[in-house]
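K.L.:
with the input below, show me the fold.
(one chain, ligands or ions: 1)
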Amino acid sequence: MAPDTRHPDKLDRAVIFLGPPGAGKGTQAKELAARYGVPHLSTGDMLREHVSKGTPLGIKAKPIMERGELVPDSLVLQMIRERIERPDCTHGFVFDGFPRTVAQAKYLGELLKQHGYKRPFVIHLAIDTSVLLPRLTGRRTCKVGGEIYNIHDRPPKVAGICDADGGELVQRPDDREEVIGPRLHAYEKQTAPLAAYYSSRGLLHVIDASKSIDEVRQQVLQSVKNVRGAR
Ligand SMILES: [Zn+2]
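P.N.:
Here you go, the predicted model:
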């Protein structure tokens, strides 16, 4: 029996995922967090929670989000600080969707230092646009239950019909190539400086995200294990 399938030690650091939409960032971040028994911190989920609970932060963020605008750094950073000061974060946490800019990364670095965490570990899920495009444009969503399929690598049993509830499968407007192309381009433009920032500090670990979810998961776990052994 493998002795270390559960989290025998603590993570004791922040793990940050970088990667374009469709690279599997959310899935990998969630699974890593579950594996080590630490919180998975998605800025999108956190903001929605503040809004639904009507916290002071949520009240400020709500009209901005309703206008479809980006919530300003000041609010996001305040939210992050408050979140990582909660007791469940003592043994580390996994970010999903944060930081997005070098300025946010610098602020986070200071924050982690102040709170006595080890240096963050940054995983870049790198994937070529030619691999990513079919993944994204092939996505079909069930109109009834919201199940997600992919005509290339996770097709339904009957084309256009949901296996679970027989609902119609549709391509969301966000998944059309004319929407995805510019989104990927914007992502690359935003992430390149962030990846360079972490790389220059020796914190960036690049993983080939064109592999299967299982293979990527193994690589993520191995890389985290290595860094924990090394420092
Ligand atoms: Zn369905």
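K.L.:
quick one: stretch 19-28 to chain centroid distance?
P.N.:
Put simply, stretch 19-28 sits 6 Å off its chain's centre (C-alpha atoms, centre = their mean, to the nearest Å).
K.L.:
tell me which residues in it are buried?
P.N.:
G19, P20, P21, G22, A23, G24, K25, G26, Q28 (16 or more other C-beta atoms under 10 Å). The C-beta positions use only the backbone N, C-alpha and C, and glycine is treated the same way.
K.L.:
let me see the mean pLDDT of that stretch.
P.N.:
In this model, stretch 19-28 has an average pLDDT of 88.
K.L.:
find the centremost residue of the protein, please.
P.N.:
By C-alpha atoms, centre = their mean, the chain has its centre lying nearest to D96, at 3.0 Å.
K.L.:
residues in contact with that residue?
P.N.:
By C-beta atoms under 8 Å, 6 or more residues apart in numbering, D96 lies in contact with F17, K25, G26, A29, K30, H40, L41, S42, T43.
K.L.:
what about 7 Å?
P.N.:
For D96, the contact set (C-beta atoms under 7 Å, 6 or more residues apart in numbering) comprises F17, K25, G26, A29, H40, L41, S42.
K.L.:
how about the contacts made by the fourth one?
P.N.:
Looking back up the chat, that one is A29. A29 sits in contact with F17, H40, V94, D96, where contact means C-beta under 7 Å, 6+ apart.
K.L.:
so which of those wins on neighbours?
P.N.:
Within the contacts of A29, most neighbours by other C-beta atoms under 10 Å means V94, with 27 neighbours.
K.L.:
for L221, see how far away the residue lying closest to it once chain neighbours are set aside is.
P.N.:
Closest residue to V94 apart from its sequence neighbours, by C-beta to C-beta, 6 or more residues apart in numbering: A33 at 4.1 Å. To L221, A33 is 12 Å away according to C-beta to C-beta, to the nearest Å.
K.L.:
repeat that for S212.
P.N.:
Taken as C-beta to C-beta, the span from S212 to L221 is 14 Å.
K.L.:
what's the answer for L47, then?
P.N.:
Distance, L47 to L221, using C-beta to C-beta: 29 Å.
K.L.:
neighbour count for the two, which is higher?
P.N.:
Legend: neighbour count by other C-beta under 10 Å for L47 and L221, higher for L47 (21 against 16).
K.L.:
and the more buried one, that's in a helix?
P.N.:
Yes - checked against DSSP: H, G, I helix; E, B strand; the rest coil, L47 lies within a helix.
K.L.:
which outside residues touch the lengthiest helix in the chain?
P.N.:
If you go by DSSP state H, the chain has its longest helix at helix 177-200. For helix 177-200, contacts defined as C-beta under 7 Å, 6+ apart pick out 18, 20-21, 99-102, 105, 122, 124, 129, 132-133, 136-137, 173, 204.
K.L.:
report the buried members of the residues you listed.
P.N.:
Using 16+ other C-beta under 10 Å, the buried ones in these are 18, 20-21, 99-101, 105, 122, 124, 132, 136-137, 204.
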